[in-house]
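Enquirer: Here is the input, now give the coordinates:
(chains A and B)
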Amino acid sequence: MKKIITTLFFTACLISVLNTRAANTKDTLSYLQSIVANKANYIGQPFSVLLNNLQIQIKHFSPIAIIQEDKNKETATFFSFYFPQSAEEIYLTYPCLRISWQTSLNAATSRSLYKTNNGGGWTQAVVDFYKNAIIKDIDIFE
Amino acid sequence: MRRLHFLQKTFILYLVLVALNLSCRKLDVVSSSKTIPTEEKFFDAHRSSAKEEAAIVNFLKRTNEKSPFVKLTAQKIGFPIWDKLIMRNVKTTRVMSEGGSGQIQSMANTGSCDIYYIPFVRDSQNHVNAAMIIKAFPTDTTIGYLCDWQYKNLLTRPSDSLNVKKFALFFMRFDYSIFTHKRFIVKDRAIFPTKGHASANEVRLELKTDDQKKVKVNSLYTTCQDYSVQYISCPYIRDYGACYGQGGTCDRCDRCPSVTLYFTECWDEWVDDDMGGGSSGDGGTGGGAVPPSDPCSGDGNPPSGPDAIKHINQSQEKVGALSPPPPPPPCDPGWEPEPEPYPIPDSPQDTTQTPCATAWATATKLNVLYDSSKAAQKLDSIDIAHDTLEHGFTLGEIIRINPYNPLDTGSYGFFTGNIATGTSSSITLEFAYNLNTKALAGNVHTHPAKGYSAQSAKDIYELIGSRLEPKSRIQGNFVASANGGQYAVAVTDYTKAQAFYSTSSQYLDGNNWAENSTLGKDFTDMTKYFKRIFKDSIDIDNLAYEMAMAGVLNERNAGVTLYKRNSSGKFVPLIVKKQIVPSSNGRRTSTIYIRDCNED
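Expert: The predicted structure is shown next:
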């Protein structure tokens, strides 16, 4: 009897965790959608404005330098709310925000920050690097 | 005790004797298995089931028993290719010359005879050097030979100027029949004189091998052979110097003008045995069971003396060759098959292979192109590591186009074009060569340190565009980057590439994938994934870029494969596949990317 109760208890816990995670993801998505819906408030503003208004904590960043002939121009950055322990956990970083910059940032610096922070960990040094960057556009990657 | 010692000695002696006996036996076996009797090889190799062939072979076996000729014949001209013999039944009203004497002998028989032409090939050669001619009359059978070097006999007689062409064509037809040689280098230009093309110093011949005409009129076979002769002129060009093609000869130099003329020669069968004749067992020159000795062997009757050589030289002077090649040695034929071409690139689509097999097969071709063209040596002259501008050069292919079928093109090697300089982000490469002799096979350009090492999105579309052009022989384009990495891209699925080419307006933005296109988003997603993987690598950006590029090419069915040069100097496919990991243990469905088609 005890065994049955224990099994039921852990099953209930597991279901609860899954539901919470799904709900969190759903919550995150709807929250990010609200930001995108109000992106006019942030476009042309420094990133710090958005950062200060964010109600969820950024945990991970990943610079995007898509220009083939100049890999040191960071044209956009992914900001996620989960820190992946490995590449296999990258899927948990979605949904995330992709923020394009009005003026490209120095990708050499962000690369260095990415590497020194265990592959994109969010630290004060990273905040300092991005806070003054002017936002060109915001969209969501799911 | 003494008795035991004696027994021991005897036993050891017995063992030694047995061992010696066995070892001798083994040697005997090896020795006998290595030697195939000449007669056996002569009569049994290259046989078919034709009755006429069996009759001829039996006749020759009997002749050999009476008067052995096989060993000497094999020594001189090699072995017969029985299954390629030609049989003709002709009327014997004919005119023939005897041996090398040039005396004309007329025969006015009215009966008919069967003539058999049996080609002979030496073990070390890939062309026919002689043909045995057997004439089976109702009352007599004769054996004679035509040897390729005997064409010079005909050169000494101006009245035989047409016959020398037919003589050469007769052998070339056998070469085609046995070895599928269609193209020949005419070494002795006196055979196909270049009177109308005084500056030509290179002559090439191609047989038209389809639709051969054989007309039988009044029991006399007339054979017609269509062929083309290309006369190539390679003058010294001011500001250019000597015109060099492959192997340092003037052949196929792109600055060399060439003229191709088309001919048809017809001959009746009796013309072919111009120098044959003689009864069975007759050892006379050109006739008899043993072939005539060639003039180099010193024991024959040289059919081409100083006069013949003089005639050849005069012919060359008459046509005004700039650098007449020396006449071939008196025992050599005046023509030879062209070297075998490289494999021709696949036509649009090879559907018989798996995508991985195709990718690896293409890798082999790319490595041949890169190595044969000596692209690496050319790159050595560019300071890629420090240069801020792109440099590049084309990769050309030396080709021969079949004058009868422009789609039939053989490849004879690769070369690099001159180095051009572009901007920091682009380069224009021109392929300024004669497209009848050269084809664009690809290009190589550099990527400065500032940019990513592998190909750009624009490079992908440019590759497809050039591959889709009619008659394209593009095999792939290469990039050498400042970090030492080298990459290639090649179309490995023509149909998919064709479809993908039309997406450039959606997916391409300048040199890059359009950031907000679905492909662009996939690319940034994959880059994010691979950055996490290569987070500790010093070259994180380039590694993530190349993997993401490989990923989108595969996932978007671009029909293009990315290759990376490995530490052994070989380009290997870089194929990245998306894999969906199903949800389990509280983990939702996720996506990972794995490398596919790895080297085993």
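Enquirer: Tell me how many other residues surround the residue in the stretch 301-450 of chain B that chain A sits nearest to.
Expert: In the stretch 301-450 of chain B, no residue comes nearer to chain A than B:Ser425, which is 3.6 Å away by Cβ to the nearest Cβ. To be clear about C-beta, it is placed using only N, CA and C from the backbone, and glycine gets the same treatment. B:Ser425 is flanked by 19 other residues according to other Cβ atoms under 10 Å in any protein chain shown.
Enquirer: Then A:His60?
Expert: Neighbours of A:His60 using other Cβ under 10 Å come to 26.
Enquirer: could you list every residue that touches A:Phe81?
Expert: By Cβ atoms under 8 Å, 6 or more residues apart in numbering or on different chains, the residues touching A:Phe81 are A:Thr28, A:Ile56, A:Gln57, A:Ile58, A:Lys59, A:His60, A:Thr93, A:Cys96.
Enquirer: Phi first, then psi, for it.
Expert: According to degrees, to the nearest 10, the main-chain angles of A:Phe81 amount to phi -120, psi 20.
Enquirer: Check the one 4 residues further on too.
Expert: Dihedral angles of A:Gln85 (phi, psi; degrees, to the nearest 10) stand at phi -80, psi -20.
Enquirer: Quick one: name whatever helix or strand follows the host helix or strand of B:Lys135.
Expert: In this structure, B:Lys135 sits in strand B:128-136 according to DSSP states H and E. Heading C-terminal from strand B:128-136, the first helix or strand you meet, by DSSP H and E, is strand B:141-147.
Enquirer: for that following strand, packing partners?
Expert: Strand B:141-147 is packed against helix B:51-66, strand B:128-136, helix B:161-179, with contacts defined by 3 or more Cβ pairs under 8 Å, 6 or more residues apart in numbering or on different chains; DSSP states H and E.
Enquirer: Format these as TSV; extra columns: mean neighbour count.
Expert: Shown next, in TSV, are these (neighbours: other Cβ atoms under 10 Å in any protein chain shown):
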stretch	mean neighbour count
helix B:51-66	15
strand B:128-136	24
helix B:161-179	21
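Enquirer: Would you reformat these as TSV and include mean pLDDT and distance to B:Ala548?
Expert: TSV is the format used below for these (pLDDT from 0 to 100; distance: least, Cβ to Cβ, whole Å):
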stretch	mean pLDDT	distance to B:Ala548
helix B:51-66	89	66
strand B:128-136	88	58
helix B:161-179	85	50
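Enquirer: Just tell me which of those ends up closest to B:Lys570.
Expert: Of all the helices and strands packed on strand B:141-147, it is helix B:161-179 that lies closest to B:Lys570, at 32.3 Å by Cβ to Cβ.
Enquirer: who touches the closest one?
Expert: B:81, B:84, B:117, B:119, B:121, B:126-128, B:131, B:146, B:148, B:150-151, B:154-155, B:181-182, B:184, B:186, B:190-193, B:205, B:207, B:209, B:225, B:227, B:265, B:267, B:271-272, B:274, B:333-335, B:337.
Enquirer: And for B:Tyr507, nearest residue in space, chain neighbours not counted?
Expert: B:Leu519 (4.5 Å; Cβ to Cβ, 6 or more residues apart in numbering or on different chains).
Enquirer: Torsion angles phi and psi at the one you found?
Expert: The phi and psi values for B:Leu519, taken as degrees, to the nearest 10, are phi -70, psi -40.
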